[in-house]
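1. Fold the following, please.
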Amino acid sequence: MATTMRARIQTLDIIRGVAVMGILALNIYAMGGPNNMYLNPTAYGGADGINWFAWAFNFVFMESKFRSLFSIMFGASTLLVIERATAKSDSPALRHYARMFWLIVFGFLHYWFIWWGDILVLYGIIGLLVFLFRNVSVKWLIGWALALIGMGMAFALSINLLYMQAADPSLGAEDRVALEQQIEAVEEWTSADPKYIERDLETFRGSYGSIVQERFVDERWKPLGGVFFTGPETLGLFLIGMALFKSGFLTGEWSRQRYRKWALVTFAIAIPANLYLLWVQVESGYAPRTLFSVSIGYSTPFDILMAIGWAALVTMLAMGNLESPIAQRVGAAGRMAFTNYLMTSAVMTTIFYGYGLGLYGQFSRAGLYLFVFGMWALMLLWSKPWLDRFYYGPLEWIWRSLSRFSLQPMRKSA
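-> Numbering: from 1, shown residues only. The predicted structure follows:
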């Protein structure tokens, strides 16, 4: 039993390690240049040759897939913590809600003082609901997840109603102004309009004080708005993670053949669908409305399928190789996912923002991957040696100590 349990924990850690590394391949666009380049290849960073290929490859295989995988793993890990606390009669409700409270605090500090793309506030707030689903069966977890994800898709695609209403010639002037403001808020993230690009470049090439002024003073509670927009989908992904954990999928309990089948089936469905959606975006001339609808709405079910496919593929490759050096290092990066996620933000913003090396907007889309590869190497190099000496990553230790209201053991004995 001890060997089985050890394998299960390692499998979770390895998948989580892949997820935290993969999410950087997406976040790098919003860290190293104008955020419009995240969805629109024509906005910045190059739209032809290897740069276009990088955007297309990201859309088909990575964009939203690793974010979904990261969310799935958060749901699974949270359930694991609840189950362990329950087994020890260690006040599972108190432990859970304390963990989520401090995660929200960490998230706001991250957003205010390091990087605007924080997801911890969202995870902490939506995570408060996870405890209510701890005893729900796999079947009902999946049912709830599908309903919530469908709700999130409907909300995201409602943007099309704004365009339809704005095209109505009988619309009053006051209503038209209101609609155009809402549409502009969407296109600010997807348009190649130079006015958005220049404003972004000016902001993040500025001083630390000016950047913090915008986030901590002018838009202090902005992360809460993201909770309403992406909350249903995020909770749905958490529940999928819980279902996959309970079913044994994420704990390495299935056969290698079954994981291979899941990887093949999910990829066989998702890749052609995403290739078609890629073509839709190209054919639209990268219209902001199309980019938003496809990336935030229509691609959602295929993104989630591919996230599950990635988890199946990683687990299949890891089975029988848990003691290999690469599995050990990826697993260590996964055990320290919280630290590695926040450390990545700190390192990358220091490299790119005006108060650091000032390289913001200086690299092409493909060129930014040099920093991704470098950060991956750093995660793999430092995580295992740290965990050879300590029980937890530094921020995991702080989070655990705060959640348990006492300092936890940190250094391993010789």
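
2. mean confidence score for the helix or strand containing Ala154?
-> Using DSSP states H and E, Ala154 maps to helix 138-157. On average, the pLDDT along helix 138-157 is 95.

3. Give me the distance from the next helix or strand after that helix to the chain's centre.
-> Remark: after helix 138-157, the chain's next helix or strand is helix 159-166, criterion DSSP H and E. Centroid displacement of helix 159-166 relative to its chain, using C-alpha atoms, centre = their mean, to the nearest Å, is 28 Å.

4. Counting by contacts, list what helix 159-166 packs against.
-> For helix 159-166, the helices and strands in contact under the criterion 3 or more C-beta pairs under 8 Å, 6 or more residues apart in numbering; DSSP states H and E are helix 173-190, helix 288-293. For every residue, glycine as well, the C-beta is placed using N, CA and C.

5. Just name the most buried of the ones you listed.
-> helix 288-293 (a mean of 22; mean count of other C-beta atoms under 10 Å).

6. buried ones in the helix holding Ala154?
-> Under the neighbour-count criterion of 16 or more other C-beta atoms under 10 Å, helix 138-157 has 141-142, 144-145, 148-149, 152-153, 155-156 buried.

7. again with stretch 211-231
-> Of the residues in stretch 211-231, 211, 215, 223, 226-227, 230-231 count as buried by neighbour count, 16+ other C-beta under 10 Å.

8. Could you dump the residues you listed into CSV with pLDDT added?
-> Formatted as CSV, the buried residues of stretch 211-231 follow (pLDDT from 0 to 100):
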residue, pLDDT
Ile211, 94
Arg215, 92
Pro223, 92
Gly226, 83
Val227, 91
Thr230, 92
Gly231, 95
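
9. Name the helix or strand for the residue lying closest to Ala318 once chain neighbours are set aside, please.
-> Computed as C-beta to C-beta, 6 or more residues apart in numbering, the closest residue to Ala318 that is not its neighbour in sequence is Ile14, at 5.0 Å. Using DSSP H and E, Ile14 sits within helix 2-32.

10. ok so, going back, the buried residues of helix 138-157 into TSV, with extra columns for distance to Gly252?
-> Putting the buried residues of helix 138-157 into TSV (distance: C-beta to C-beta, whole Å) gives the following:
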residue	distance to Gly252
Leu141	20
Ile142	20
Trp144	25
Ala145	22
Leu148	27
Ile149	26
Gly152	30
Met153	31
Phe155	35
Ala156	34
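
11. List the buried residues of the helix or strand containing Gln281.
-> Per DSSP H and E: Gln281 is located in helix 256-283. Neighbour-count burial for helix 256-283 flags 259-260, 262-263, 266-267, 270-271, 273-274, 277-278, 281 (criterion: 16+ other C-beta under 10 Å).

12. Repeat that for stretch 24-36.
-> By neighbour count on 16+ other C-beta under 10 Å, the buried set for stretch 24-36 is 24-36.

13. Redo the buried residues of helix 256-283 as JSON lines? Include distance to Thr344 and pLDDT.
-> As requested, the buried residues of helix 256-283 are exported to JSON lines (distance: C-beta to C-beta, whole Å; pLDDT from 0 to 100):
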{"residue": "Tyr259", "distance to Thr344": "28", "pLDDT": "97"}
{"residue": "Arg260", "distance to Thr344": "31", "pLDDT": "97"}
{"residue": "Trp262", "distance to Thr344": "29", "pLDDT": "97"}
{"residue": "Ala263", "distance to Thr344": "27", "pLDDT": "97"}
{"residue": "Thr266", "distance to Thr344": "27", "pLDDT": "98"}
{"residue": "Phe267", "distance to Thr344": "27", "pLDDT": "98"}
{"residue": "Ala270", "distance to Thr344": "26", "pLDDT": "97"}
{"residue": "Ile271", "distance to Thr344": "28", "pLDDT": "97"}
{"residue": "Ala273", "distance to Thr344": "30", "pLDDT": "97"}
{"residue": "Asn274", "distance to Thr344": "26", "pLDDT": "97"}
{"residue": "Leu277", "distance to Thr344": "28", "pLDDT": "97"}
{"residue": "Leu278", "distance to Thr344": "27", "pLDDT": "97"}
{"residue": "Gln281", "distance to Thr344": "28", "pLDDT": "96"}
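
14. Not counting sequence-adjacent ones, nearest residue to Trp399?
-> Nearest residue to Trp399, sequence neighbours excluded (C-beta to C-beta, 6+ apart): Trp102, at 5.9 Å.

15. close enough to count as contact, that neighbour and Arg400?
-> No: the pair Trp102 / Arg400 is not scored as a contact, 9.4 Å apart, by C-beta atoms under 8 Å.

16. who's more crowded, those two?
-> Neighbour count, other C-beta atoms under 10 Å: between Trp102 and Arg400, Arg400 has more, with 22 against 18.

17. and the more buried one, what helix or strand is that in?
-> Assessed by DSSP H and E, Arg400 sits inside helix 394-404.

18. Likewise for Gln408?
-> Here Gln408 is covered by no helix or strand, with elements defined by DSSP H and E.

19. need the contact list for it.
-> Taking C-beta atoms under 8 Å, 6 or more residues apart in numbering as the contact definition, Gln408 lies against 391-392, 397, 400-401.

20. Going through those, which ones are buried?
-> Applying a neighbour-count criterion of 16+ other C-beta under 10 Å, the buried members of the contacts of Gln408 are 392, 397, 400-401.

21. and those as TSV, adding distance to Leu381?
-> Shown next, in TSV, are the buried ones among the contacts of Gln408 (distance: C-beta to C-beta, whole Å):
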residue	distance to Leu381
Tyr392	18
Trp397	20
Arg400	24
Ser401	26
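
22. And the furthest pair within these?
-> Largest separation among those by C-beta to C-beta: Tyr392 and Ser401, giving 9.2 Å.

23. which ones are touching the one residue sitting closest to the centre of the chain?
-> In the chain, the residue lying closest to the centroid (C-alpha atoms, centre = their mean) is Arg67, at 3.0 Å. Listed by C-beta under 8 Å, 6+ apart, the contact set of Arg67 reads 23, 26, 119.
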